[in-house]
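Q: only geometry, no sequence info:
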């Protein structure tokens, strides 16, 4: 990159009026700026993506890789655990993501309200969970939600309720996972929505008020349409994140009880780094990538076109 | 709306959100309380609600069972080096994509952004094999290298750099500035807020990253904080007092950094997240 530094003193000032023709070093410079990123991306992302596909067509038998074609993908279709993992992930996607985004929308509207005092403190406070590492809050939640000794059951016990088997019952474990995810990501999504909300012109609300619109009507006809691009973004990000979910179930429940919180991410990890079945794990990874692609396209169609 | 009604609504909304915020913050409060109690006390009934006197003993246990001092140093070193290197890669690329027109610009940028939607899991197995072939397992560079060209960071930088006026660059060039010096002397100084946002994001990302360090760090002396904490939780007799003390110890510096620089962080992220 030293070439871009030398000879700068010899450079003539371009005469006014005629557009200066780009000099050789200015034609090379942009490539040098983006080169480190592209090179690293090629080595550590593109190449592994290709290699992963090759691995997914092989099976390791006795230390050597044998080409097996589509066998791993075929096995996937008949693997009940894969379908369990897929179903669990889908449940989180269909239940937790909409609840979280509705909460985030309400929170964003509230944080944007001129009626609210101390808005900066609230924004910061609700964003704080996002800063906490997944492992850290997974550990905290696993103790808080302990059936016999946890703070949560102690509190509900004060209200006379029976202890809830938060992490040891298949249904409650799913609910616990959903609660943990909602705790972690709602404030983050609210901040994204809030930024968009601030760009909705105040005149639109004034006009709605003049037309006699109540709070709900102006929310439906002014706020929601204004939020659409940000809602698309948060929906897509949450979908991608949910499909890849790994840290929370790994730390909180280990995928149990009885595989109730086994996600595709955890199942992939188990196959790769517990059973060292790299071929099968890579097939799972590719199935996951295809799924994310399909859902991404659907969401862009559905939410994008109507705007 | 009458003034009284206005005030009533304001109080209602503010107190409603305050209660919601309190619920959100309970895990933080409880983490601090639990970190200062022994495992036995944490699982007492009723559970402790105020800080106790066991923090020192917990940290001691942590040091003895998990070499926690070493683990924290590992995490710090990795996060700092990663932030500096990834920050440089992202800022250079963001500037290149934002302020130059060149053949293949859109295609190359699109290629990088593909990294945002391709699940990280697709690359886990081949990357692990690459690290093994390079004999990089248990090394710092194995953790640092693969995510240096972080698509989100490049995206963020391109958005921020695009806001820089072209006149500023042109006047720098008129003064005879070379392109790299221009970047260093003219472009970077006004970008400080955006760079601060990027730095916090990169630091938090690396400090909290779990699955990749879990895979490439196999020897407990090379563990990062999240990997060490998760390993402690997996033991048969889990000392929750010690684990939670470690969790709190790891969270406090993060919270402080975040609080000190939060203005840049949220606004910087938003600039990247919402502009279409």
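A: Yep, that arrived. Keep in mind that this is a model prediction, so the values were computed, not measured.
Q: going forward, measure contacts between C-alpha atoms and count neighbours the same way
A: Fine.
Q: Residue 229: how many residues sit nearby?
A: Reading this off chain A. Neighbour count for residue A:229, taken as other C-alpha atoms under 10 Å in any protein chain shown: 19.
Q: think we crossed wires, I meant chain B
A: Residue B:229 has 24 neighbouring residues, counting by other C-alpha under 10 Å.
Q: swap in the one 4 residues further on?
A: A count of nearby residues for residue B:233, using other C-alpha under 10 Å, gives 17.
Q: and it, how far is that from chain A?
A: Residue B:233 sits 8 Å away from chain A, going by C-alpha to the nearest C-alpha, to the nearest Å.
Q: The nearest residue to that residue once chain neighbours are set aside: what's it in contact with?
A: For residue B:233, ignoring the flanking residues on the chain, the nearest one in space by C-alpha to C-alpha, 6 or more residues apart in numbering or on different chains is residue B:243 at 7.3 Å. Applying C-alpha atoms under 8 Å, 6 or more residues apart in numbering or on different chains to residue B:243 gives the contacts B:35, B:62, B:229, B:232-233.
Q: Nearest to residue A:229 among those?
A: Closest to residue A:229 out of those is residue B:229 (38.7 Å), distances taken as C-alpha to C-alpha.
Q: which SSE is that closest one in?
A: Applying DSSP states H and E as the criterion places residue B:229 in helix B:225-233.
Q: Centre of the chain to that helix, how far?
A: 17 Å (C-alpha atoms, centre = their mean, to the nearest Å).
Q: circling back: now the contacts of residue B:243 in a markdown table, with distance to residue A:268 and pLDDT?
A: Output for those, formatted as a markdown table (distance: C-alpha to C-alpha, whole Å; pLDDT from 0 to 100):
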| residue | distance to residue A:268 | pLDDT |
| --- | --- | --- |
| B:35 | 33 | 88 |
| B:62 | 31 | 90 |
| B:229 | 22 | 90 |
| B:232 | 23 | 88 |
| B:233 | 21 | 82 |
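Q: picking that back up, ramachandran coordinates for the residue nearest to residue B:233?
A: Main-chain torsions, residue B:243, degrees, to the nearest 10: phi -60, psi -40.
Q: Now for residue A:36: which residues touch it?
A: B:89, B:93, B:149.
Q: next one: residue B:55
A: Residues in contact with residue B:55 (C-alpha under 8 Å, 6+ apart) are B:35-37, B:245.
Q: In the stretch 201-307 of chain A, which residue sits nearest chain B?
A: residue A:285 (4.8 Å; C-alpha to the nearest C-alpha).
Q: Residue B:125 is in contact with that residue, correct?
A: No: using C-alpha atoms under 8 Å, residue A:285 is not in contact with residue B:125, being 9.3 Å away.
Q: Mind checking which of these two has more residues around it?
A: residue A:285 (30 against 27).
Q: Quick one: list the elements packing against the strand or helix carrying the more buried one.
A: Element membership of residue A:285 [criterion: DSSP H and E] is helix A:278-299. In this structure, helix A:278-299 makes packing contacts with helix A:47-56, strand A:58-61, helix A:71-77, helix A:224-243, helix A:264-273, helix B:121-133, judged by 3 or more C-alpha pairs under 8 Å, 6 or more residues apart in numbering or on different chains; DSSP states H and E.
Q: Following the chain onward from the third one, which element is next?
A: Under the assignment DSSP H and E, the closest C-terminal helix or strand after helix A:71-77 is helix A:80-91.
Q: do the same with the fourth one
A: Using DSSP H and E, the next helix or strand after helix A:224-243 towards the C-terminus is helix A:247-252.
Q: Right, and chain B sits closest to which residue of chain A?
A: Closest contact between chain A and chain B, by C-alpha to the nearest C-alpha, is at residue A:34 (4.2 Å).
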